[in-house]
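Enquirer: structure of the sequence below:
(one chain, ligands or ions: 1)
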Amino acid sequence: MWPEDFRRVYRERGYWTGQTFDDLLRERAEAHGERIAIVDGERRVTYAELRDRALRLAAGLHGIGVRRGDRVVVQLPNTAEFFDVVFALFRLGALPVFALPAHRSAEIGYFCAHTEAVAFVTTDVHEGFDHRTLAAAAEPATLVVAGDPGGHAGLATLYGEADDVARLPAGPAADEVAFLQLSGGSTGLPKLIPRTHDDYLYSVRASAEICALGPGSIYLAALPVSHNFTMSSPGVLGALHAGGRVVLARRPDPATVLPLIERERVTITAVVPPLARLWLEAVESEPTEPTGPTGLTARPDLASLAVLQVGGAKLADTVAARVGPVLGCRLQQVFGMAEGLVNYTRLDDPDEIVLHTQGRPISPDDELRIVDDADRPVPPGEAGHLLTRGPYTIRGYWRAAAHNRTAFTADGFYRTGDLVRRRPDGYLVVEGRAKDQINRGGEKIAAEEVEHHLLTHPAVHDAAVVAVPDAYLGERSCAFVLVRPGAVPPTLPALRRHLRERGLAAFKIPDRVEIVDAFPVTGVGKISRRELRAALAATQKG
Ligand code: OOB
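Expert: Prediction:
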């Protein structure tokens, strides 16, 4: 991880404080135990209850053999149990591996195998999918189900008693890895991101301050809580750090979320650009009469909402300009990554900055380099590859020594794969991307991962997956396929079915397929994705 001289500086400058997530929850429960921490539908959980539930669950998980340093894959939707589970694991020093609800057997199987997980905690049925069917993919990890266990171990039965809690062994130190977050990836299999208590809590505290969170803040989690944006920018952890309240939305659609903002007096929430548009359209089109297109009975009262954060993918200037007038709140752009670095526009920045930039870094010790293809700094103001290192940016992926040699520079800078330019005022503008990744409305797809699955289809000789510009999602995915000699060209539905049967998450399944006779190649003979993208752009225009 970080070399010792950097560790010393990060401690001396007060970024790394030695506090763990368990310390944080204990302090909050002691300071204001009776305040509401979490709202999940009709359920309200106080800080004291959350702490008590987390400790009793820690005892129960310890009882089934979960130990400090063990990995546990956690795939839970936005529910109160999510917090019980992660704070229980934090107390034990076991590492949650944060899967998304959209992940299926291909991803869950890989996470469990790669991390040698001892347990897989998921839900019963969510969005029409029975997560208990993932049990086989997760093996030999023990399946633990929140909700109806259907013959598996039930999470609800695991909460221990006060005696068990008293016997718990000591928890982790703050410089230990607290959890593994997922990378959007670009090459091969998804990479795992080890974040420590020290580094992550620094980003949480600093983010909460930048976003002016306090005990009166009410954060709505509309995106999945397990994503870095929702978790820590400032997210649910920022709200808990500030002694505020977290309101959980099961789904992010306007019909669910807008009434929730009104009912719970939400002050801040975070969305990806396509959702921002959907919410804007819903509010704009909502008549003051009952039964509009979103099924709302009247235009919701969003007066409590002070800040709408938008990030995860580039926000179009035209959409940015509508946020304030339509929702009556402040826009904040967020350009971050699970590997660390997060940039924010500040709440008191002028509109010119908020509407047209993706913010500036959290920390004075976030080091940024903007370089050309040969790692030489580009002239100030010009676009180049963004490299970064700092007090909350990882120095390497988990158990990925070979990949780390190219994903990081020799002196520890992370190669973000993003093309940015830095304005004279220090604010960043994201200009594009050099990594083989598709950003489908904030959901990241590693081209190589999908190609690998396409190659398992008997009629596919070779495949390349690239981004196609899309008016709504920003990008969708297109698979270029070279058919095996003599084979019948597969149709889009056939290929999609094949990938679904292989257990790939739905958002990774190509939106479009193009059958080609040959791939354009680069000077060194690699498939030229740039030319494939250009060919698509030409067909779209024509
Ligand atoms: C967030 O994290 P990840 O790990 O899902 O994705 C990171 C990548 C960045 O490298 C960049 O390519 C893209 O997502 N991205 C943006 C962006 N925010 C993220 N591209 C353009 N404009 C933006 N505002 O997506 C994430 C993590 C923490 C906070 C916010 C987002």
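Enquirer: separation between the spatially closest residue to residue 252 that is not a sequence neighbour and residue 388?
Expert: Excluding its sequence neighbours, the residue lying closest to residue 252 (Cβ to Cβ, 6 or more residues apart in numbering) is residue 222, at 4.1 Å. All C-beta atoms are positioned from the backbone trio N, CA, C, and that covers glycine. Distance of residue 222 to residue 388, computed by Cβ to Cβ, to the nearest Å: 27 Å.
Enquirer: between those two, who's got more neighbours?
Expert: residue 222 (26 against 22; other Cβ atoms under 10 Å).
Enquirer: for that one, report the pLDDT, please.
Expert: pLDDT recorded at residue 222 is 98.
Enquirer: so what's it up against?
Expert: By Cβ atoms under 8 Å, 6 or more residues apart in numbering, the residues touching residue 222 are 230, 249, 252, 257, 269, 270, 271, 275.
Enquirer: with neighbour count added, can I get those in CSV?
Expert: Output for the contacts of residue 222, formatted as CSV (neighbours: other Cβ atoms under 10 Å):
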residue, neighbour count
230, 25
249, 23
252, 21
257, 25
269, 26
270, 28
271, 26
275, 22
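Enquirer: list just the nearest of those residues to the ligand.
Expert: residue 270 (7.6 Å; Cβ to the nearest ligand atom).
Enquirer: wait, is that closest one part of a helix?
Expert: No. Counting by DSSP: H, G, I helix; E, B strand; the rest coil, residue 270 is not part of a helix but strand.
Enquirer: hang on, it packs against residue 305?
Expert: No. Between residue 270 and residue 305 there is no contact under Cβ atoms under 8 Å: 11.8 Å.
Enquirer: how much space separates the residue nearest the centre of the chain from residue 529?
Expert: With distances taken as Cα atoms, centre = their mean, residue 227 lies nearest the centre of the chain, 2.5 Å away. The gap separating residue 227 from residue 529 is 26 Å, by Cβ to Cβ.
Enquirer: now swap in residue 495 and tell me
Expert: Taken as Cβ to Cβ, the span from residue 495 to residue 529 is 19 Å.
Enquirer: and the two? Which one has more around it.
Expert: Higher neighbour count among residue 495 and residue 529: residue 495, with 22 against 18, using other Cβ under 10 Å.
Enquirer: what's the closest non-adjacent residue to that one?
Expert: residue 513 (5.7 Å).
Enquirer: please apply the same query to residue 61.
Expert: Residue 61 sits nearest to residue 88 (Cβ to Cβ, 6+ apart), 5.7 Å away.
Enquirer: could you grab the helix/strand/coil label for that neighbour?
Expert: helix.
Enquirer: sec struct for the residue of the chain found nearest the ligand, please.
Expert: Per Cβ to the nearest ligand atom, residue 336 is where the chain lies closest to the ligand, at 2.6 Å. Using three-state DSSP, the structure places residue 336 in strand.
Enquirer: same thing with residue 208?
Expert: helix.
Enquirer: tally of neighbours for it?
Expert: Neighbours of residue 208 using other Cβ under 10 Å come to 25.
Enquirer: what's the answer for residue 37, then?
Expert: Other residues lying near residue 37 total 26 when counted by other Cβ under 10 Å.
Enquirer: from residue 184, how far off is it?
Expert: Taken as Cβ to Cβ, the span from residue 37 to residue 184 is 30 Å.
Enquirer: list the contacts for the residue nearest to the centre of the chain?
Expert: 98, 100, 312, 338.
Enquirer: try it again at 7 Å.
Expert: Contacts for residue 227 (Cβ atoms under 7 Å, 6 or more residues apart in numbering) come out as residue 100.
Enquirer: again with the one 4 residues further on
Expert: Neighbour list for residue 231: 225, 237 [criterion: Cβ under 7 Å, 6+ apart].
Enquirer: need phi/psi at it.
Expert: With angles defined as degrees, to the nearest 10, residue 231 sits at phi -80, psi -40.
Enquirer: could you check the pLDDT of it?
Expert: At residue 231, pLDDT is 98.
Enquirer: try the one 3 residues further on
Expert: According to the predicted model, the pLDDT of residue 234 comes to 98.
Enquirer: now it. Nearest residue, chain neighbours left out?
Expert: Among residues not flanking residue 234 along the chain, residue 207 sits closest, at 3.8 Å (Cβ to Cβ, 6+ apart).
Enquirer: burial count for that neighbour?
Expert: Here the number of neighbours of residue 207 (other Cβ under 10 Å) works out to 23.
Enquirer: what's the single longest helix in the chain?
Expert: helix 47-63 (DSSP state H).
Enquirer: now the helix or strand following that one, how far from the centre of its chain.
Expert: Once helix 47-63 ends, the next helix or strand along the chain (criterion: DSSP states H and E) is strand 71-75. Distance of strand 71-75 from its chain centroid, counting by Cα atoms, centre = their mean, to the nearest Å, is 15 Å.
Enquirer: hey, C-alpha coordinates of strand 71-75 in PDB?
Expert: Extracted in PDB, the C-alpha atoms of strand 71-75 (Å, rounded to 0.1, in the frame of the first residue of the first chain):
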ATOM      1  CA  ARG A  71     -13.900 -11.700   3.000                       C
ATOM      2  CA  VAL A  72     -17.700 -11.600   2.800                       C
ATOM      3  CA  VAL A  73     -19.400 -10.800  -0.500                       C
ATOM      4  CA  VAL A  74     -22.400  -8.500   0.300                       C
ATOM      5  CA  GLN A  75     -25.100  -7.900  -2.200                       C
END
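Enquirer: what angle separates it from helix 47-63?
Expert: Relative orientation of strand 71-75 and helix 47-63, computed by axes from the mean of the first three to the mean of the last three Cα atoms, to 10 degrees: 130 degrees.
Enquirer: what lines up beside strand 71-75 in the sheet?
Expert: The pairing partners recorded for strand 71-75 under DSSP bridges are strand 95-98 (parallel), strand 119-123 (parallel).
Enquirer: can you list the neighbours in contact with that strand?
Expert: If you take Cβ under 7 Å, 6+ apart as the criterion, strand 71-75 is touched by 66, 85-86, 89, 94-99, 101, 103, 108, 111-112, 115-122, 131, 138, 141, 180.
Enquirer: show the average pLDDT along stretch 351-368.
Expert: pLDDT averaged over stretch 351-368 gives 98.
Enquirer: quick one: contacts of it?
Expert: So stretch 351-368 is contacted by 13, 15, 203, 206-207, 210, 317, 320-321, 331, 333-335, 341-345, 386, 388-391, 423, 426-430 (Cβ under 7 Å, 6+ apart).
Enquirer: for residue 451, give its distance to residue 510.
Expert: Distance, residue 451 to residue 510, using Cβ to Cβ: 10 Å.
Enquirer: meant to ask about residue 338, not that
Expert: In terms of Cβ to Cβ, residue 338 sits 24 Å off from residue 510.
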